[in-house]
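# Show me the folded form of this:
(chains A and B)
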Amino acid sequence: MQYMLLIYSAESERPQYGTPEFEQNMNDYFAFTKEIGETGHMVAGDGLQDTNTATTATVRNGKTEVVNGPFAETKEQFGGYYLIEAKDLDDAVAVAAKIPTAKMGRIEVRPVMVFSQD
Amino acid sequence: MQYMLLIYSDESSRALFGTEASNLAYGDFTRSLIKSGHMIAGEALQDSHTAVTVSVRKDKIRVVQGAFAKTKEQLGGYYLIEAENMKEAQSIAAKIPTATIGRVEIRPIMLFKN
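Residues are numbered from 1 along each chain as shown, chains lettered A, B, ... in the order given. Next up, the predicted model:
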């Protein structure tokens, strides 16, 4: 079964670019990604640029409206994801717990909707 | 450039998702995205009541039921697209069926030099 692992953390608490902590975090992510590639869990994954680069679009009465910023101002922001293949929710949770950001942020684990093939 | 289009809507209105009309609308949209060369990936997610949220503190794994935040609108799906720039990504986002009742957040993907 496929699960989305949605990585949330406060942008102000993330390691800052150019610091040793940033370097370590990158290495931790490379190691994690490599590990889940080897275990067969890895399907896809990406980091997202910070929410100051986000815009949010809506369409009402045929008119498109775009505002700067993410859809909601929350304390923690969505920063990246992995799409994984896992046996069940427990397996997905075990993978999520190994994501480096799990130690200072939170990982939402969402089952992907499966559509029957016609 | 790659962008993630995050589809947010009130889950009570989302009950419309999975209906024939919605399936047709999403089918058409996805097909047009593939045809135009913008489509990289996309998934619908099961409702937020099926979610759990995981954190690790002092080496202990904590799992709570539900999504990371109790917002009125919840993430219901996403598309990963290739687009020229943010303006193009926005015009694609505006065509997502749920954009008329929910909101689509557009996020540039971080690029790593390998």
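
# Regarding chain B, what is its longest helix?
Counting by DSSP state H, the longest helix found in chain B is helix B:20-35.

# how far does that one sit from the chain's center?
From the chain centre to the centre of helix B:20-35 is a distance of 15 Å (CA atoms, centre = their mean, to the nearest Å).

# which residues are contacting it?
With CB atoms under 8 Å, 6 or more residues apart in numbering or on different chains as the test, helix B:20-35 has contacts from B:16, B:39, B:42, B:79, B:81, B:92, B:95-97. For glycine as for every other residue, the C-beta is placed from the backbone atoms N, C-alpha and C.

# now, which of the residues you listed lie within strands?
Among the contacts of helix B:20-35, the members found in strands (DSSP state E) are B:39, B:42, B:79, B:81.

# So the second one is in contact with residue B:77, correct?
Right, the one you point to is residue B:42. Yes. Residue B:42 lies in contact with residue B:77 (CB atoms under 8 Å); the separation is 6.9 Å.

# I'd like the distance between the nearest residue in space to residue A:78 that is not next to it in sequence and residue A:39.
Nearest non-adjacent residue to residue A:78, counting by CB to CB, 6 or more residues apart in numbering or on different chains: residue A:8, 5.7 Å away. Using CB to CB, to the nearest Å, residue A:8 is found at 23 Å from residue A:39.

# For the residue of chain B most remote from its centre, give me the pLDDT.
Distance from the C-alpha centroid of chain B peaks at residue B:58, with 32.0 Å (CA atoms, centre = their mean). Per-residue confidence (pLDDT) for residue B:58: 96.

# Any idea which residue is closest to the centre of chain B?
Central residue of chain B (CA atoms, centre = their mean): residue B:78, at 2.2 Å.

# partner residues bridging it?
residue B:6, residue B:43 (DSSP bridges).
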